[in-house]
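S.K.: would you be able to build a 3D model of this:
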Amino acid sequence: MIELKRIVYFLILAYFFIRFVVIPAVRIVTNLVKLARLKKEFSKFGDLIVKVNDTKKLHKIGIILGITGISLFISLAALEKEPFYLFFIIFLLPQILHLILMNKYSEHNGFYQNGIVKGGFLEWEYIFSYKKIDSDTLSFLKQDGLRFDFGTAGKMQEVIDLISTRGIKEE
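M.R.: Numbering: from 1, shown residues only. Below is the predicted model of the structure:
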C-alpha cells in the first residue's frame, strides 16, 4: 500500500514539474530561437503586395516594465533564495517573449507574395478559403479549421486577385 502511495505522489509531482517548469522552459527556448531567426523569416515573406496598418504595438514603456519586473524577480530569487520567484519567472517569461515576437511581426502586417503576416507568418498553403465580410475585410479559414479576419486597407480587389492566383476558393 505504501508503494502505491509513493507512485501516486511521484506521478503528481512529475505532472506539476512538467506542466509548470519543463513546458514553459521549452517555450522560452522556442521563442528565443524564433526571435533570433526573425531576419531569415522576414526574407521568406516575398514581395509586399498590400501593407495593412492595424498593428498592435507593444509600447516601449511596456517592454521596460517587463524587463524591470523580470530583473526584480531574478534579484529577489537570488537574495531570498526562494525557488518560488524562479518558477514565477519561468512561467511568465514565455508570455513576454511571445508578446515581443508578435510585436516584431506586426510591424510587417500585410499580404505578401508567399503568405499573410498578421502577428505571425501564415503561408498560402495553410489557408483553405476566404469570404468577404464587408467592403474592407476578408475572413480566412485556415486548414486547421480556425478562422481570422483581416482588413485589406482599401485594396480588396487586389488582394482577392492575389488570393485567386494562389488557388484559394471563396466560400
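S.K.: what helices or strands is the longest helix anywhere in the chain leaning on?
M.R.: As assigned by DSSP state H, the longest helix anywhere in the chain is helix 83-106. Counting contacts by 3 or more C-beta pairs under 8 Å, 6 or more residues apart in numbering; DSSP states H and E, helix 83-106 packs against helix 23-36, helix 60-80. Every residue, glycine included, has its C-beta placed from N, CA and C.
S.K.: contact partners of the last one?
M.R.: When contacts are defined by C-beta atoms under 8 Å, 6 or more residues apart in numbering, helix 60-80 is touched by residues 82-83, 85-86, 88-89, 92-93, 96, 100.
S.K.: do that again at 6 Å, thanks
M.R.: For helix 60-80, contacts defined as C-beta atoms under 6 Å, 6 or more residues apart in numbering pick out 85-86, 88-89, 96.
S.K.: with pLDDT, neighbour count and distance to Lys60 added, can I get those in CSV?
M.R.: Below are the contacts of helix 60-80 laid out as CSV (pLDDT from 0 to 100; neighbours: other C-beta atoms under 10 Å; distance: C-beta to C-beta, whole Å):
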residue, pLDDT, neighbour count, distance to Lys60
Tyr85, 70, 18, 25
Leu86, 70, 16, 27
Phe88, 72, 16, 24
Ile89, 72, 20, 21
Ile96, 81, 19, 14
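S.K.: low pLDDT regions in this structure?
M.R.: 1, 54-59 (pLDDT under 70).
S.K.: how far off centre is the longest helix of the chain?
M.R.: Distance of helix 83-106 from the chain centroid (C-alpha atoms, centre = their mean, to the nearest Å) equals 11 Å.
S.K.: kindly indicate which of the contacts of helix 60-80 lies nearest Leu13.
M.R.: Proximity of the contacts of helix 60-80 to Leu13 (C-beta to C-beta) peaks at Leu86, which lies at 17.0 Å.
S.K.: given the next helix or strand after the longest helix of the chain, what are its sheet partners and their directions?
M.R.: Counting by DSSP states H and E, the next helix or strand C-terminal to helix 83-106 is strand 110-112. Using DSSP bridges, the strands paired with strand 110-112 are strand 48-51 (antiparallel), strand 115-117 (antiparallel).
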